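> no sequence for this one, just the structure:
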C-alpha cells in the first residue's frame, strides 16, 4: 500500500509527498533531519492533514504531481472537504 499525504507545517504552509509507510515518514519529517525533506527544515513540527491510499507507487506519484500543481486554496478546500466528510461518518 502506498500513500499520498499532505502535511501542515508550523508556518501554516503545506507539504505534499508519498510513501509506503505513513507513520514512519511523518516521524522522519519531524525528528530525523537526515531523512526529512529540506523544505521542512525550520518548519517543524509538521502535522498530517490529508492522505489517500493507492495500490501502486506509480498511482501515488501521479497523484502527488497533480496535487503539487494545485493552488494552496484548492489544497485547503480538499483538506476541508475530507475533514467535513469524516465528521459526517
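That came through, no problem. Small disclaimer: the values here were computed from a predicted structure and weren't measured.
> Please confirm that residue 64 is located within a helix.
Yes. If the criterion is DSSP: H, G, I helix; E, B strand; the rest coil, then residue 64 is within a helix.
> Which parts of this structure are strands?
2-8, 14-19, 47-54 (DSSP state E).
> buried ones in the last one?
So that's strand 47-54. Residues of strand 47-54 classed as buried: 49-50, 52, 54 (neighbour count, 16 or more other Cβ atoms under 10 Å). Where C-beta positions appear, they are placed from N, C-alpha and C, glycine not excepted.
> just to revisit the earlier point, got a markdown table for the strands of the chain, with distance to residue 70 and mean pLDDT too?
Compiled in a markdown table, the strands of the chain are given as follows (distance: least, Cβ to Cβ, whole Å; pLDDT from 0 to 100):
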| stretch | distance to residue 70 | mean pLDDT |
| --- | --- | --- |
| strand 2-8 | 10 | 97 |
| strand 14-19 | 9 | 97 |
| strand 47-54 | 12 | 96 |
